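S.K.: Just a sequence and a predicted model for now, questions to come.
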Amino acid sequence: GQGSFYAERFMDGDICKACVVYDCGSMQEIKKKNKTQKEIDCWIDELSPKRIIHQENKPTIDILFISHFHEDHVNGISQLIEKYHIKLVMMPFLESMEKDMLFLLEWCHAGMRNDEATYNLYKLIYRPESLFDKETVITYVRAYDNLTDSDKDADGISIRDITESSNINSFTPVKCVIDAPKGSKNPYIWKYVPFYMGLGEEYNNFKSAFEDSNTLHGVIHGNACLLRKLYDGNFQKEVRTVYECITKKRLNEYSLMVYSGPLDNDLHFNVEYSLGKNMCSKKKEQRTLENSVAGCLYLGDAKLGWGPKMLNGKKRDTIRMIKERLKSDLPQLDMVQVPHHGSADSYSSKLLELNTKTEHYFVSYGKINQYGHPSSDVVKDIASKGKLLSCVTEDKNSLCTISYHFPEKVWGKPEGKGTSDAPQAKRV
């Protein structure tokens with residue numbers, strides 16, 4: 001349904017050498033909750049080829065990226081945890097009151113439900129270590145601030161070196177260890193570059209409203225009484241008042257975005273595409289390309305056009321920031337996620353200018369949704385530039401699978417059973 005769940009697997013035959021997930025959620029009406037859980041379970045099971053088994057008999061996910069805390073992006077995480085051990089979780093860094101704002105606004109937007117989903121959201125925002133396995137490492141990505149951020153982290157860090165909870169700067173490359181066979185030159189052949197813009201002016205408005213409220217002030221910052229207060233009628237009324245005064249829209253500006261691609265930007269791959277229905281041609285796309293690129297940009301629900309000012313006072317311009325900070329990676333860009341399920345408010349035609357040679361765009365949305373996603377204007381704009389726009393819905397026939405076959409000089413000879421093909425990065 002309406003939601004987001006993307007995965008990348010590094011396959012050597014029938015052996016999964018590494019697995020990375022970006023978001024895990026799907027939004028349906030509450031009365032369809034069981035159906036939603038079954039749909040999420042179905043997609044989660046798709047991740048399950050042979051993989052390093054954790055001591056609890058669970059297969060392993062190397063990195064889980066959480067773009068933001070909207071229910072349709074995170075409500076499947078509890079099911080993911082039941083079936084997989086997650087080594088590393090990366091999510092946006094938030095100050096205490098930013099957590100309060102996002103938790104309460106999400107709670108209000110969801111109808112002030114006091115159920116398991118609300119409690120899981122509370123744990124995810126305030127105490128994620130209580131939600132995941134005790135060995136899972138939680139890493140927070142600081143908002144990009146071009147007044148203070150430098151290129152000191154440009155060389156990146158290895159996932160092996162992230163052994164305890166920590167904070168990293170936006171645009172710090174995280175080198176993913178691929179358990180490649182003997183003969184491969186380097187176990188670090190892929191990287192993930194997370195970044196986000198921060199909350200901006202909406203946060204200051206929220207902070208002022210909370211400080212002016214005698215009912216709300218003093219029961220925030222995630223302390224235990226906050227959960228009890230969710231049942232208090234006066235508290236509920238005050239939160240709704242603040243919510244309606246500040247914004248009736250959900251905040252998307254803090255979405256964690258991620259670039260995924262090879263460490264060596266000169267690499268080229270033989271690629272097999274099995275794509276869902278093309279929104280532009282109305283046909284399923286099957287194609288094979290040689291000597292192609294393999295980068296992908298995941299954008300969550302980010303707003304790409306000019307937005308409210310950042311907390312440093314500068315105007316928000318996400319596209320310009322991406323062009324500047326991912327300049328050396330953009331020539332490798334093969335696929336781009338259209339943000340926010342194809343919403344016109346979040347889209348910018350400048351997205352198509354990041355790499356004019358990039359042909360493949362994809363958008364995820366519920367076949368029946370109340371928001372009109374994807375916007376017809378967005379679809380028309382992408383089609384007018386001759387691009388391919390693949391739609392991903394709850395329909396299993398919409399599943400998109402792209403396989404990037406590594407050159408032997410990078411990975412070495414295949415070890416897994418059942419194929420003589422080169423090892424591959426498989427994007428689902």
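M.R.: Great, that's in hand.
S.K.: from here on, contacts and neighbour counts on C-alpha atoms
M.R.: Noted.
S.K.: Helices of the chain, residue ranges please.
M.R.: Shown for the chain, the helices assigned by DSSP state H span residues 33-45, 71-74, 77-83, 96-109, 116-126, 201-211, 224-229, 233-246, 318-325, 376-384, 408-411.
S.K.: Name the residues of stretch 352-364 that are buried.
M.R.: Residues of stretch 352-364 classed as buried by neighbour count (16 or more other C-alpha atoms under 10 Å): L352, L354, N355, T358, E359, H360, Y361, F362, V363, S364.
S.K.: Between these, which sits nearest G200?
M.R.: The shortest separation between G200 and any of those is 24.0 Å, and it belongs to L354 (by C-alpha to C-alpha).
S.K.: ok, M27 touching G3?
M.R.: Yes. Taking contacts as C-alpha atoms under 8 Å, M27 lies within contact range of G3: 5.8 Å.
S.K.: Show me which of the two is the more surrounded one.
M.R.: With other C-alpha atoms under 10 Å as the criterion, M27 and G3 differ in neighbour count, and G3 comes out ahead with 26 against 23.
S.K.: Can you give me the pLDDT of that one?
M.R.: Listed pLDDT for G3 reads 81.
S.K.: That one against S364, yeah?
M.R.: Yes. Taking contacts as C-alpha under 8 Å, G3 lies within contact range of S364: 6.7 Å.
S.K.: list the residues that contact both of these two?
M.R.: Residues touching both G3 and S364 (C-alpha atoms under 8 Å, 6 or more residues apart in numbering): H341.
S.K.: number of nearby residues for Q236?
M.R.: Around Q236 sit 18 other residues, with neighbours defined as other C-alpha under 10 Å.
S.K.: err, F195, not the other one
M.R.: By the measure other C-alpha under 10 Å, the count of residues near F195 is 28.
S.K.: From K409, how far off is it?
M.R.: Distance check for F195 against K409: by C-alpha to C-alpha, to the nearest Å, it reads 31 Å.
S.K.: and if you look at S348?
M.R.: Distance from S348 to K409, counting by C-alpha to C-alpha: 39 Å.
S.K.: So between the two, which is more surrounded?
M.R.: Neighbour comparison, S348 and K409: the larger count goes to S348, with 20 against 10 (by other C-alpha under 10 Å).
S.K.: how about the helices of the chain, which one is nearest K58?
M.R.: Distances from K58 to each of the helices of the chain were compared using C-alpha to C-alpha; the shortest belongs to helix 77-83, at 6.1 Å.
S.K.: and I382, how many neighbours?
M.R.: Neighbour count for I382, taken as other C-alpha under 10 Å: 20.
S.K.: And for the residue lying closest to it once chain neighbours are set aside, the neighbour number?
M.R.: Nearest residue to I382, sequence neighbours excluded (C-alpha to C-alpha, 6 or more residues apart in numbering): L389, at 7.2 Å. Per other C-alpha under 10 Å, the neighbour tally for L389 reads 27.
S.K.: What distance do you get for L389 to K283?
M.R.: Using C-alpha to C-alpha, which is the criterion applied here, L389 is 10 Å from K283.
S.K.: Same question for K409.
M.R.: K409 sits 36 Å away from K283, going by C-alpha to C-alpha.
S.K.: shared neighbours of M27 and G3, which are they?
M.R.: Applying C-alpha under 8 Å, 6+ apart, one finds that M27 and G3 are jointly contacted by D72.
S.K.: so L230 sits right up against N114, yeah?
M.R.: Yes. Contact status for L230 versus N114: in contact at 7.3 Å, counting by C-alpha under 8 Å.
S.K.: Same drill for those two, tell me which one is more crowded.
M.R.: Regarding L230 and N114, a neighbour count based on other C-alpha under 10 Å identifies L230 as having more, with 18 against 14.
S.K.: per-residue confidence at that one?
M.R.: As summarised for this prediction, L230 has a pLDDT of 88.
S.K.: Can you give me the distance of it to M27?
M.R.: Using C-alpha to C-alpha, one gets 22 Å for the distance from L230 to M27.
S.K.: and what of F65?
M.R.: Shown here: F65 relative to M27, a distance of 18 Å by C-alpha to C-alpha.
S.K.: Low-confidence regions, the stretch 301-428 of the chain specifically.
M.R.: Confidence mapping of the stretch 301-428 of the chain against pLDDT under 70 gives the ranges 305-315, 411-422.
S.K.: Apologies, that question was intended for the stretch 51-200 of the chain.
M.R.: Across the stretch 51-200 of the chain, residues meeting the criterion (pLDDT under 70) sit at 51-57, 146-153, 179-187.
S.K.: now the strands for it?
M.R.: With strands called from DSSP state E, counting those that start in this stretch, the stretch 51-200 of the chain shows them at 60-65, 85-92, 137-141, 157-158, 166-168, 174-177, 188-195.
S.K.: export those strands to CSV and tack on distance to F210?
M.R.: Conversion of the strands of the stretch 51-200 of the chain to CSV gives the following (distance: least, C-alpha to C-alpha, whole Å):
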stretch, distance to F210
strand 60-65, 30
strand 85-92, 22
strand 137-141, 25
strand 157-158, 38
strand 166-168, 27
strand 174-177, 37
strand 188-195, 28
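S.K.: what about these, which gets the closest to D266?
M.R.: Shortest separation from D266 across the strands of the stretch 51-200 of the chain is recorded for strand 188-195, at 12.0 Å, computed as C-alpha to C-alpha.
S.K.: Report the outermost residue of the chain with respect to its centre.
M.R.: Most distant from the centre of the chain: N214, at 36.5 Å, with distances by C-alpha atoms, centre = their mean.
S.K.: Do you know the pLDDT at that one?
M.R.: According to the predicted model, the pLDDT of N214 comes to 71.
S.K.: Show me how far stretch 234-243 is from its chain's centre.
M.R.: Here stretch 234-243 shows a centroid-to-chain-centroid distance of 30 Å under the convention C-alpha atoms, centre = their mean, to the nearest Å.
S.K.: pretty sure G300 contacts M257?
M.R.: Yes. With contact taken as C-alpha under 8 Å, G300 and M257 are classed as touching, separated by 6.2 Å.
S.K.: Between those two, which contacts overlap?
M.R.: Residues touching both G300 and M257 (C-alpha under 8 Å, 6+ apart) are S67.
S.K.: could you measure V242 against E98, distance?
M.R.: Distance, V242 to E98, using C-alpha to C-alpha: 14 Å.
S.K.: Pull stretch 254-264 out as CSV, backbone CA atoms only.
M.R.: Included here for stretch 254-264 are C-alpha records, laid out as CSV according to Å, rounded to 0.1, in the frame of the first residue of the first chain:
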residue,chain,number,x,y,z
TYR,A,254,13.8,16.1,7.7
SER,A,255,13.8,12.9,5.5
LEU,A,256,17.1,11.1,5.5
MET,A,257,18.2,10.7,1.9
VAL,A,258,20.8,8.2,0.8
TYR,A,259,23.0,7.8,-2.2
SER,A,260,24.0,4.1,-3.0
GLY,A,261,26.7,3.2,-5.4
PRO,A,262,30.1,1.7,-6.0
LEU,A,263,33.2,3.2,-4.4
ASP,A,264,34.9,3.3,-7.7
